[in-house]
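In: I'll drop the sequence and a predicted model, then ask my questions.
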Amino acid sequence: MPGVPSLVIVSPALANANNGNGRTAQRWAQALAPRYRVRIANAWGPLDGGGDTLMLALHARRSAASIAAWARAHPGRGLAVVLTGTDLYQDLARDGDARRSLELAQRLVVLQECGADALGEAHRGKTRVVFQSAPAQPPATKSREALDVVMVGHLRAVKSPQTLFGAADLLRGEPGIRFTHIGHGDGDIGLAAQARATARECPNYQWLGALPHAQTMERIRSSHLLVHTSALEGGAHVIMEAVRCGTPVLASEVPGNVGMLGRGYAGYFPHGDAPALAALLRECRAGQSEQDPAASLLVTLAAQCELRAPLFDPAAEREALLSLLQELESAP
């Protein structure tokens, strides 16, 4: 395609990997293909892509070598660095390569509206918010017998699944609240053991392990609530998937979640606070049987999520990406 700009998306994960970076790279490549020649690479060097004119690099630390190589080959032009949760809330404070990536980029991208707050004043002016997207799906029929709660997250310390275990334990003697937990336990033997122990001791909790994405989405659609307990996030994909199919969210009050759901959202609990999560779940369950259901917390959360849903529309994501790349192309 003569005259069409060439874009390389650098993702440290394999393009077919079942993780956030891999899915984002694939989705962006598809969205931008009508305007750009797009390829996905794990790394970049001047011999790998002499015809590339623009780069989107996912992850300031893990893509640091590719970012530095691009800056040497194309000084001062064509580079946007996409900042993940570990970049913003962990690596920038302790990793010089990650900080150097910020200096080299002409634009920085954060995936939720609180992301720029973690950056110094010098970098905020070149930072753009690009919300990730998911197609809208009609909500499934929900059970009226109980409050069905789903958590989607692998058993890793950063996801803080102990908060869910604790809430299930606190609520095990109370009827009407059912927990389903989706995510593999391969990375942490101790957390997997805790999940199995919770399933044995709490009849209201089941751990299903990892499921295919389509089955996971069906579980989200049919649940009354998604619970998201993470310690840090750059912009959790599962939150927007839940919002886009009409399932409201209870989330730890950390910047990455607040940046997705909004500062005035009613469904936050302090990170790691199982009693606070249990209290919100009790309130949502009580609202199912109230004479005035419009006044219930569950209805309030659903209405707030409905207002956020347009932010996560695929067309909005594509327009934000196109605007970003046009800025890069027009920069001196």
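Out: In hand now; what should we look at?
In: in this protein, which spans are helices?
Out: In the chain, the helices defined using DSSP state H lie at 20-32, 64-73, 85-89, 96-104, 121-124, 161-170, 189-201, 213-222, 237-244, 255-261, 274-288, 297-308, 314-330.
In: now the residue nearest to I182 when sequence neighbours are not counted: how far from L211?
Out: Across the structure, with Cβ to Cβ, 6 or more residues apart in numbering as the measure, the residue nearest I182 apart from its sequence neighbours is V152 (4.8 Å). Where you see a C-beta, it was placed from the backbone N, CA and C, and this is true even at glycine. V152 sits at a distance of 9 Å from L211 (criterion: Cβ to Cβ, to the nearest Å).
In: what does K142 give?
Out: K142 sits at a distance of 19 Å from L211 (criterion: Cβ to Cβ).
In: now do the buried residues in stretch 149-165.
Out: Within stretch 149-165, the residues that count as buried by 16 or more other Cβ atoms under 10 Å are 149-156, 159-165.
In: mind showing which ranges of the stretch 201-332 of the chain have poor pLDDT?
Out: When residues are selected by pLDDT under 70, those of the stretch 201-332 of the chain lie in 289-295, 332.
In: which neighbours do V152 and L211 share?
Out: Both V152 and L211 are in contact with 182, 219, where contact means Cβ atoms under 8 Å, 6 or more residues apart in numbering.
In: quickly list the domain ranges of the protein.
Out: Following automatic domain parsing, one finds the domains of the chain at 6-132+313-330, 147-311.
In: quick one: which of the ones you listed is nearest P138?
Out: For these, proximity to P138 was assessed by Cβ to Cβ; domain 147-311 is nearest, at 7.3 Å.
In: starting at the chain centroid, how far to the closest one?
Out: Between the mean C-alpha location of domain 147-311 and the chain-wide mean there is a distance of 14 Å, by Cα atoms, centre = their mean, to the nearest Å.
In: nearest to L58, of the helices of the chain?
Out: In this view, the helices of the chain are compared for proximity to L58 by Cβ to Cβ, and helix 20-32 is the closest at 5.0 Å.
In: in that closest one, what's buried?
Out: Taking 16+ other Cβ under 10 Å as the basis for neighbour counts, the residues of helix 20-32 that come out buried are 20-29, 31-32.
In: identify the residues contacting it?
Out: Applying Cβ under 8 Å, 6+ apart, the external contacts of helix 20-32 come out as 7, 9, 11-16, 38-40, 56, 58-59, 82, 84, 132-133, 234, 237, 314, 317-318, 321-322, 325.
In: would you show me how to pick out the buried ones of the residues you listed in ChimeraX?
Out: Under the burial definition 16+ other Cβ under 10 Å, those of the contacts of helix 20-32 that qualify are selected in ChimeraX by:
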select :7,9,11,12,13,15,38,39,40,56,58,59,82,84,132,133,234,237,314,317,318,321,325
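In: hang on, the earlier thing: okay if I get the helices of the chain as a markdown table plus distance to H228?
Out: Listed next are the helices of the chain as a markdown table, based on distance: least, Cβ to Cβ, whole Å:
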| stretch | distance to H228 |
| --- | --- |
| helix 20-32 | 14 |
| helix 64-73 | 29 |
| helix 85-89 | 12 |
| helix 96-104 | 25 |
| helix 121-124 | 26 |
| helix 161-170 | 10 |
| helix 189-201 | 16 |
| helix 213-222 | 11 |
| helix 237-244 | 6 |
| helix 255-261 | 6 |
| helix 274-288 | 10 |
| helix 297-308 | 12 |
| helix 314-330 | 20 |
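In: OK, contacts around the residue nearest to the spatial centre of the chain?
Out: The geometric centre of the chain, computed from its C-alpha atoms, lies nearest to A236 (Cα atoms, centre = their mean), at 1.4 Å. A236 sits next to 228, 230, 256-257, 260 when contact means Cβ under 8 Å, 6+ apart.
In: please apply the same query to P139.
Out: The neighbours of P139, taking Cβ under 8 Å, 6+ apart as the test, are 221, 245-247.
In: among the residues you listed, give me the pair with the biggest separation.
Out: For those, with distances taken as Cβ to Cβ, the pair at the greatest spread is R221 and G246 (7.6 Å).
In: list residues touching both of these two?
Out: The overlap between the contact sets of R221 and G246 (Cβ under 8 Å, 6+ apart) consists of 137-139.
In: would you list the residues you listed in TSV and tack on pLDDT and distance to I177?
Out: Written out in TSV, the entries for the shared contacts of R221 and G246 read as follows (pLDDT from 0 to 100; distance: Cβ to Cβ, whole Å):
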residue	pLDDT	distance to I177
Q137	92	24
P138	87	25
P139	80	19
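In: I182: which of the helices of the chain is closest?
Out: Each of the helices of the chain was checked against I182 via Cβ to Cβ, and the shortest separation belongs to helix 213-222, namely 5.5 Å.
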